[in-house]
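Novice: Quick one, fold the following:
(chains A and B)
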Amino acid sequence: MTLQIFLQQLVNGASLGSMYALIAIGYTMVYGVLRLINFAHGDIMMVGAFLTYFALEASMPFELSVLVGIAGAIIIGILTDKIAYKPLRSAPKISLLITAIGISFFLENLFTVLFGSTPKPFHAPEYLTKIFQIHGIYLPISVIIIPIVTVAILAGVLWILFKTKQGIAIRALAFDIETVKLMGVNADKIIMIVFAMGSALAALGGVFYAISYPSIDPLMGIIVGLKAFAAAVLGGIGSVTGAVLGGFILGFTEIFVVAMFPDLGGYKDAFAFFFLILVLLFKPTGLMGQDLERGRF
Amino acid sequence: MLKVNKLNVKYGVISAVRDISLEVKKGDIVTLIGANGAGKTSTLNAIVNVVKKSGYVEFDGVDISKKATHEIIQKGLSLVPEGRKIFINLTVDENLKMGAFNNIENFEKLRTHVYDKFPRLKQKINQMGGTLSGGEQQMLAIGRALMGNPKMLMLDEPSLGLAPKIIGEVFEIITELKKDMPILLIEQNAFAALKISDYGYVLENGSITLEDKAQNLLGNDEVRAKYLGG
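Specialist: Residues are numbered from 1 along each chain as shown, chains lettered A, B, ... in the order given. Below is the predicted model:
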């Protein structure tokens, strides 16, 4: 592998990893406050991508379309919490998990029925898809922009978690919901903020996916969602920085496996999970994770 | 200040609290004493609706029987829970910030007040809550409740698991707090609690079997035999 190709793949890996990282943050934050693996989270990403697509089709400018996608995903995310999860706050966690799987199937099938299962081409604006070249490396602008945006967003999320009272409440919720209520805090409102943040990031991840591939379909959230979940577990579920780290590791692994062993390309999805198993065997709490009853975030 | 009428708590088919009625007047410390499992913690948790209950609760002239926990706290009735429940993954300062969630604009002022009361916390401002000693955690738990600027305080077993010397300190703090707000106290350490209290209730199997001025309870033979070690 030449240096050019190596660098090219490095950037590609960072771009793919960013997408996983953005979606993984939502998994990890919801898990932190509700102890719920929100299996519908990958589908929220799909919803975000679809709404962006429809806004684009309605000839809205790209930036505005992304905002439409994010806003729509936030609404759907909050609604799933209000309608499906909130009534189950004191129910056994397994009921929540099954409900999440139900919501996932519901969203996938709803979008299939409404818009069909054929993949739709996603037209990103030219300034993102334009290919540029330095020293023999060929890259679309988007793969440079995506990781930069992701890192900036991570900084923003950490700022919220550590510097705002709502963020501190989110971290406190990870410890104990009843005690948070005893502080005079409306815990449901804080949980709503978590779903809003997670859904917004997932929608953005969905848009990045749509730019890179560049098509969308109602089932696009399944495998990406599972891999982002693997990234969250790899990084240590409950830890936001861990989720981002896990996302990038998974992105790099996938890209480099395909680049170095093209014959194994068909197994690239399996590699992500093989890597996950390997890490969990030696560090069951994930890379940045701590014992669940201790600190998080 | 606080009136409780015919409070009942059931866990499944088991009655933990049966028809409890009690009152806390302005300026008083009132103590609930009773053995393990008598229903003391359930009573406090029911007052702030952390557990399901039936019955009537009035605080500061307002019916709070059906209010959500956070709304009751916002009205100024604060509970320092059993086992302190410090946010171990937050710093001391962040714990206080949580306590001041609805008063964040007065955070600095409230914090100065708490650090004046608990100078030991001030040295640990950036330490994680989980690294504090038991006594420090209790002080942080009380300080955190004070950050909400409450009108009344309920304390659930503040002396639990603390060294005797620290227990004395905690009771001194509670006596001092009495100047600012009425207090409803639950204690295993019945003797120490009754000594600083104005009024007391004795709880047995979820019902109140005896109530009187704290002084009289201290002199009561039955109470002495059961809770004060003869």
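Novice: A:Ala196 and A:Ile44: what is the separation?
Specialist: 11 Å (C-beta to C-beta, to the nearest Å). No exception for glycine: its C-beta is placed from N, CA and C like everyone else's.
Novice: Strands of chain B, residue ranges please.
Specialist: Secondary structure of chain B, counting by DSSP state E: strands at B:2-11, B:14-24, B:29-34, B:54-59, B:62-63, B:77-80, B:152-156, B:183-187, B:199-204, B:207-213.
Novice: next helix or strand past the longest helix belonging to chain A?
Specialist: For chain A, the helix with the greatest residue count under DSSP state H is helix A:3-34. The first helix or strand that comes after helix A:3-34 along the chain, using DSSP states H and E, is helix A:41-57.
Novice: Show me which positions of that next one end up buried.
Specialist: Using 16 or more other C-beta atoms under 10 Å in any protein chain shown as the test for burial, helix A:41-57 gives A:41-56.
Novice: just how off-centre is the worst-scoring helix or strand of chain B on mean pLDDT within its chain?
Specialist: Among the helices and strands of chain B, helix B:221-227 carries the lowest confidence by mean pLDDT, DSSP states H and E, at a mean of 83. Remark: helix B:221-227 is offset 23 Å from the chain centroid, using C-alpha atoms, centre = their mean, to the nearest Å.
Novice: which strands and helices sit next to it?
Specialist: strand B:29-34, helix B:190-196 (3 or more C-beta pairs under 8 Å, 6 or more residues apart in numbering or on different chains; DSSP states H and E).
Novice: and these, which is most packed in?
Specialist: Of all the helices and strands packed on helix B:221-227, strand B:29-34 has the most neighbours on average by mean count of other C-beta atoms under 10 Å in any protein chain shown, namely a mean of 26.
Novice: B:Leu2 contacts B:Glu58, doesn't it?
Specialist: Yes: between B:Leu2 and B:Glu58 there is a contact under C-beta atoms under 8 Å: 7.3 Å.
Novice: who's more crowded, these two?
Specialist: It is B:Leu2, of B:Leu2 and B:Glu58, that has more neighbours when counted by other C-beta atoms under 10 Å in any protein chain shown, with 22 against 15.
Novice: Tell me what the more buried one is bridged to.
Specialist: Partner residues in beta bridges with B:Leu2, using DSSP bridges, are B:Val24, B:Phe59.
Novice: Could you do B:Val202 as well?
Specialist: Beta-bridge pairing for B:Val202 (DSSP bridges): B:Ile33, B:Leu210.
Novice: rewinding a little: only the C-alpha atoms, please, for the least confident helix or strand of chain B, written as PDB.
Specialist: The C-alpha trace of helix B:221-227 is given here as PDB (Å, rounded to 0.1, in the frame of the first residue of the first chain):
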ATOM      1  CA  ASP B 221     -41.200   3.400  80.000                       C
ATOM      2  CA  GLU B 222     -42.400   1.500  77.000                       C
ATOM      3  CA  VAL B 223     -40.400   3.700  74.600                       C
ATOM      4  CA  ARG B 224     -37.400   3.500  76.800                       C
ATOM      5  CA  ALA B 225     -37.500  -0.300  76.800                       C
ATOM      6  CA  LYS B 226     -38.100  -0.700  73.100                       C
ATOM      7  CA  TYR B 227     -36.000   2.100  71.500                       C
END
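Novice: residues of it that come out buried?
Specialist: Buried, per 16+ other C-beta under 10 Å, within helix B:221-227: B:Val223, B:Lys226, B:Tyr227.
Novice: Let me know the closest of the residues you listed to chain A.
Specialist: Comparing the buried residues of helix B:221-227 against chain A with C-beta to the nearest C-beta places B:Tyr227 closest, at 27.5 Å.
Novice: check contacts around the closest one.
Specialist: B:Ile33, B:Gly34, B:Ala35, B:Ala190, B:Phe191, B:Val202 (C-beta atoms under 8 Å, 6 or more residues apart in numbering or on different chains).
Novice: switch to 7 Å and redo it
Specialist: B:Ile33, B:Ala190 (C-beta atoms under 7 Å, 6 or more residues apart in numbering or on different chains).
Novice: How many neighbouring residues does residue 162 have?
Specialist: Assuming you mean chain A. 14.
Novice: hmm, I had chain B in mind actually
Specialist: By other C-beta under 10 Å, 19 other residues sit near B:Leu162.
Novice: Repeat that for A:Phe132.
Specialist: Neighbourhood size, A:Phe132 [other C-beta under 10 Å]: 10.
Novice: As a markdown table, the strands of chain B with mean pLDDT would be great.
Specialist: Formatted as a markdown table, the strands of chain B follow (pLDDT from 0 to 100):
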| stretch | mean pLDDT |
| --- | --- |
| strand B:2-11 | 93 |
| strand B:14-24 | 92 |
| strand B:29-34 | 93 |
| strand B:54-59 | 94 |
| strand B:62-63 | 94 |
| strand B:77-80 | 96 |
| strand B:152-156 | 96 |
| strand B:183-187 | 94 |
| strand B:199-204 | 93 |
| strand B:207-213 | 92 |
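Novice: how about those strands, which one is nearest A:Ala243?
Specialist: strand B:77-80 (34.3 Å; C-beta to C-beta).
Novice: buried ones in the closest one?
Specialist: Buried, per 16+ other C-beta under 10 Å, within strand B:77-80: B:Leu77, B:Ser78, B:Leu79, B:Val80.
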